[in-house]
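Mind looking at a prediction? Sequence and model below.
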Amino acid sequence: MRIFEEKYLIERNFRFPSNVRLNQNIIRGSVTHCYETLDMIDQNLVSKGSPKLANLVELANLSSIVGNLLGAGCAEYSNGFYYRNKPHTYPDLVANDESFPGIEIKTALLKNSPKGHQPKPGYYLTYRYCLTDEDGHRIIGKEENWNTVTVWEIKFGYLNIQDFSCSNTDGDSGKTAVIRTSAFNNMALLYFDSDLVPYRHSDKKPYNGYN
């Protein structure tokens, strides 16, 4: 069973804004809750001779499931300060104290930029993940074992409407609002798994989002 790798938490001078009640315990708890729930689901599926969840649903649906679980984990580990909003309602996390803003949670696979249906200004907590084996490794040549969700990056920041690139072209499945690369790269990095980063990355030349 995978665990949240504490060593990948970014230790910098970053401080959450005073009107945001996030902390490392909530970040840690969100991923732990997601992993534990997915592992429980996978164990039940495998016991019935079924493939794991990542092999049963489309990746877009998997990202939605992962996002919902991360949001539930944030709420659970916030000691009642945040609660989950209604499905498909902005923002994902609502503060019980109405003087505090909510937080939107976005997820994406590998190098993809997180996106939504409408650009909305506010605080964003983003998670990017990849598929690994059950131990959290991506061993080349054993891609058939990559069926387990593992988070490789977590970011936080305030985004304005102009930080999104919107699409509503004919033939699209609907409106999409993707976080622009420049804005996404400037968001504060909270967690970074250097073993799973899907970009070229080194101490001398880190990937663009390493800030």
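That came through fine.

Phi and psi next, for the most centrally placed residue in the chain.
By Cα atoms, centre = their mean, the chain has its centre lying nearest to Tyr127, at 1.9 Å. Dihedral angles of Tyr127 (phi, psi; degrees, to the nearest 10) stand at phi -130, psi 130.

And Asn160, by the same measure?
phi -100, psi 170.

Kindly report the same for His33.
phi -60, psi -40.

repeat for Gln43
Torsion angles at Gln43 (phi, psi; degrees, to the nearest 10) stand at phi -60, psi -40.

Next: Gly122.
Dihedral angles (degrees, to the nearest 10) for Gly122: phi 150, psi -170.

Same question for Ala108.
phi -160, psi 150.

Against Leu59, how distant is it?
10 Å (Cβ to Cβ, to the nearest Å). In this view, the C-beta of every residue, glycine as well, is placed from N, C-alpha and C.

that older thread, just grab the bridge partners of the residue nearest to the centre of the chain for me.
Thr107, Ile154 (DSSP bridges).

Verify the stated contact: it with Leu109.
No - at 10.3 Å, Tyr127 does not count as touching Leu109 under the criterion of Cβ atoms under 8 Å.

Return the alpha-carbon coordinates of stretch 15-30 using PDB.
This file holds the C-alpha atoms of stretch 15-30, laid out as PDB (Å, rounded to 0.1, in the frame of the first residue of the first chain):
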ATOM      1  CA  ARG A  15       3.100  30.900   3.800                       C
ATOM      2  CA  PHE A  16      -0.600  30.500   3.000                       C
ATOM      3  CA  PRO A  17      -2.500  33.700   2.900                       C
ATOM      4  CA  SER A  18      -4.000  34.700   6.300                       C
ATOM      5  CA  ASN A  19      -7.500  34.100   4.900                       C
ATOM      6  CA  VAL A  20      -6.700  30.500   3.800                       C
ATOM      7  CA  ARG A  21      -6.600  27.800   6.500                       C
ATOM      8  CA  LEU A  22      -4.600  25.200   4.600                       C
ATOM      9  CA  ASN A  23      -1.600  23.600   6.200                       C
ATOM     10  CA  GLN A  24       0.700  20.600   5.600                       C
ATOM     11  CA  ASN A  25      -1.500  18.400   7.700                       C
ATOM     12  CA  ILE A  26      -4.500  19.000   5.400                       C
ATOM     13  CA  ILE A  27      -2.400  18.600   2.300                       C
ATOM     14  CA  ARG A  28      -1.000  15.300   3.700                       C
ATOM     15  CA  GLY A  29      -4.400  14.200   4.800                       C
ATOM     16  CA  SER A  30      -6.000  14.800   1.400                       C
END
